[in-house]
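Enquirer: here are the coordinates; sequence isn't available:
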């Protein structure tokens, strides 16, 4: 059986590397990107099963990245992650869901928590389904 391929997009190298290591240990194949442009390129070049993206990144932020992913691949599972529970006074999870993310995790969290959310989303859980 093929391993689940995760595209992990986060501008913080320490977060990105720690999550990639933990997800790899959990049996996922992980490809990483430092920003939305590189993440979109990975999604175009490689078949990915799920995208995990930070909401707050320089340049094209996670919100715009989610919109672009959803427009190109309507059924692709997307998990938003963020260090902030609110953005401009609004719940980060609600914003991400409105944009098309299936689930949101607020940092700090462990890779095993992210793995559980990935499994849930891939098995039909999550807010946004196409």
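Expert: On my side now, so go ahead. As the structure is a prediction and not an experimental result, all values here were calculated from the model.
Enquirer: Helix or strand for the residue most central in space within the chain, just tell me which one.
Expert: The residue lying closest to the centre of the chain (Cα atoms, centre = their mean) is residue 52, at 1.3 Å. Using DSSP states H and E, residue 52 sits in strand 50-54.
Enquirer: Pull up the pairing partners for that strand, direction included.
Expert: strand 5-9 (parallel), strand 78-82 (parallel) (DSSP bridges).
Enquirer: Turn these into CSV, including mean pLDDT.
Expert: Shown next, in CSV, are those (pLDDT from 0 to 100):
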stretch, mean pLDDT
strand 5-9, 97
strand 78-82, 97
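Enquirer: which one of these lies closest to residue 117?
Expert: When the strands paired with strand 50-54 are ranked by proximity to residue 117, the top entry is strand 78-82, at 5.8 Å, counting by Cβ to Cβ. The C-beta positions use only the backbone N, C-alpha and C, and glycine is treated the same way.
Enquirer: Let's test this: mean pLDDT of whichever helix or strand comes after the closest one, rounded?
Expert: From strand 78-82 onward toward the C-terminus, using DSSP H and E, the following helix or strand is strand 86-87. In this model, strand 86-87 carries a mean pLDDT of 86.
Enquirer: Just after the helix or strand of the chain with the lowest mean pLDDT, pick out the following helix or strand.
Expert: Every helix and strand of the chain was ranked by mean pLDDT, DSSP states H and E. The lowest is strand 86-87, at a mean of 86. On the C-terminal side of strand 86-87, the closest following helix or strand by DSSP H and E is strand 90-91.
Enquirer: picking up where we left off before, residues contacting the residue nearest to the centre of the chain?
Expert: Applying Cβ atoms under 8 Å, 6 or more residues apart in numbering to residue 52 gives the contacts 6-10, 19, 78-79, 81, 114, 118.
Enquirer: Distance to residue 62 added to the residues you listed, as JSON lines?
Expert: Listed next are the contacts of residue 52 as JSON lines, based on distance: Cβ to Cβ, whole Å:
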{"residue": "6", "distance to residue 62": "16"}
{"residue": "7", "distance to residue 62": "13"}
{"residue": "8", "distance to residue 62": "12"}
{"residue": "9", "distance to residue 62": "8"}
{"residue": "10", "distance to residue 62": "9"}
{"residue": "19", "distance to residue 62": "15"}
{"residue": "78", "distance to residue 62": "10"}
{"residue": "79", "distance to residue 62": "11"}
{"residue": "81", "distance to residue 62": "8"}
{"residue": "114", "distance to residue 62": "15"}
{"residue": "118", "distance to residue 62": "17"}
